Every structure is written in structure tokens, then in C-alpha cells.
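# pasting the sequence and the predicted model now:
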Amino acid sequence: MSHKCFISFKTEDIEYKEEIQEMDELDIIDKSLNDPIDSDDEDYIMRKIREDYLNDSTVTICLIGNHSAENSTSENQSYIKRELQASLYNKPNGVLGIVLPNMYDKIYKGKYTCSECGQKHNFVNINNDTTIREFNYNYYLPLSDDKCAWSESDRYCVLVKWDDFVASPNNYIEKAFNKREDDIASKIKVYPY
Ligand SMILES: [Zn+2]
């Protein structure tokens, strides 16, 4: 079963967006938010983006490349932030972050030894240096006190490397889709500030 997907991306990564669009088995909306929506009514803006851009998509794919960080001062992130806010708004889309190859080294940092439990955990560098706040907050949702590390069920956003995604795209889209009905969906923040 395929789910309709919206792709949020920076112009520099358009080749990856096009490659996803050409995958036969996927159902991808060919739109992105290019104009600011002129209103002071946040609720109106969110509904408008959902209706005019996200349409009836149920999964939003976020391409994570060199230009996707909250902290990159040279970038205007307002469009990808709006797209992700609208995706998380009201009845949320599943969110699938795809780490593009030029970001592997910056995001997948191997393992570290945990000072609380003494075990090794993966160090996945998802924060304002690599992604917008709307993504990294909903990836690393606040943990309950008895936990020292995130497991898959502690996250709303699903993360995958480009190469793994290409090998089995529907598998990861399905994972993101299923989060919508998961308990963790109640922890989402649309405006995490
Ligand atoms: Zn630990």
C-alpha cells in the first residue's frame, strides 16, 4: 500500500527530490511552498498550507542536506519550517527525515559510552546544527526520567540514510505513516520554542 507523500527540501537538494519522484512505486505530490502566505492568523496559514500544498498527503519527507540547519544564518528556512509545522498541525502527517549522503559523517557519529547506564548508545547528531527545530524536537522528544537514551518508540520523526531509503522506500514511508496512530503522536510540538 502506498501513502501520498509531500517532500520538503532545499533547492540545492532538488536532484534527490526528483529521484524520489521518479520511483515508480511511490505517490508523491509535486509542490513546494514558494510564496509566503500573507496573514496574521496562524491557524489560517496552517490550514491554507495543508489545503493548497500538502493536499491529502499523510507522510512528509524531509530531505536533510547541507542547507537544512536551524543555525545556518545564510539560509532562509521559513518555507521548510512552515511545511513541517503544517505537516505536524492538527491531524499530523508522519515525518520521514532522509539524511543525504553529504551529511552522513556529520550526523552518524558512531557510539558513545553512557554515563548513566554504562552501555553504548548511538550518537546521532540531530540538532539545530543539522536540522530545523521542528524536526529535531520531534525526533528527540523529551524522555521520561527513567530513560537515558532514545529508542524508536520515543521518537515521532523517523530517520533514514538516503542509501537505505532507496533500497526499500515504502518500508520507511510505512514506518513514518504508522507513527500517526502511535501514542508518541500526542507529544508532538508544532512550534517548539
Ligand atoms: Zn544509557
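All right, it came through fine.
# near the ion, which residues of the chain are found?
Selection of the chain residues close to the ion by CB under 5 Å from the ion yields 114, 116-117, 148-149. For every residue, glycine as well, the C-beta is placed using N, CA and C.
# try 6 Å this time
The chain comes close to the ion at residues 114, 116-117, 119, 121, 148-149, as judged by CB under 6 Å from the ion.
# residue 84: which of those residues is nearest?
When the residues of the chain next to the ion are compared for distance to residue 84 (CB to CB), residue 149 wins out at 24.5 Å.
# give me the secondary structure label for that closest one.
The three-state label given to residue 149 by DSSP: H, G, I helix; E, B strand; the rest coil is coil.
# tell me how many other residues surround it.
Residues within reach of residue 149, counting by other CB atoms under 10 Å, total 14.
# one more: residue 80?
By the criterion of other CB under 10 Å, residue 80 has 23 neighbours.
# got the phi and psi for the closest residue to it other than its chain neighbours?
Counting by CB to CB, 6 or more residues apart in numbering, residue 8 is the residue found nearest to residue 80 once chain neighbours are left out, at 5.2 Å. Backbone torsions for residue 8, taken as degrees, to the nearest 10, come to phi -100, psi 120.
# wait, residue 8 sits on residue 60?
Yes. Here residue 8 reaches residue 60: they are 5.9 Å apart, a contact under CB atoms under 8 Å.
# who has more neighbours, the two?
Here residue 8 and residue 60 are compared on neighbour count by other CB under 10 Å; more neighbours surround residue 8, at 28 against 25.
# residues in contact with the more buried one?
32, 60-63, 80, 83-84, 87 (CB atoms under 8 Å, 6 or more residues apart in numbering).
# which pair in those spans the largest distance?
63 and 87 (13.6 Å).
# more crowded one of those two?
Taking other CB under 10 Å, residue 63 and residue 87 do not tie; residue 87 has more neighbours (28 against 24).
# other SSEs contacting the helix or strand containing the more buried one?
According to DSSP states H and E, residue 87 maps onto helix 78-88. Under the contact criterion of 3 or more CB pairs under 8 Å, 6 or more residues apart in numbering; DSSP states H and E, helix 78-88 touches strand 4-8, helix 42-49, strand 59-64, strand 94-99, helix 133-139.
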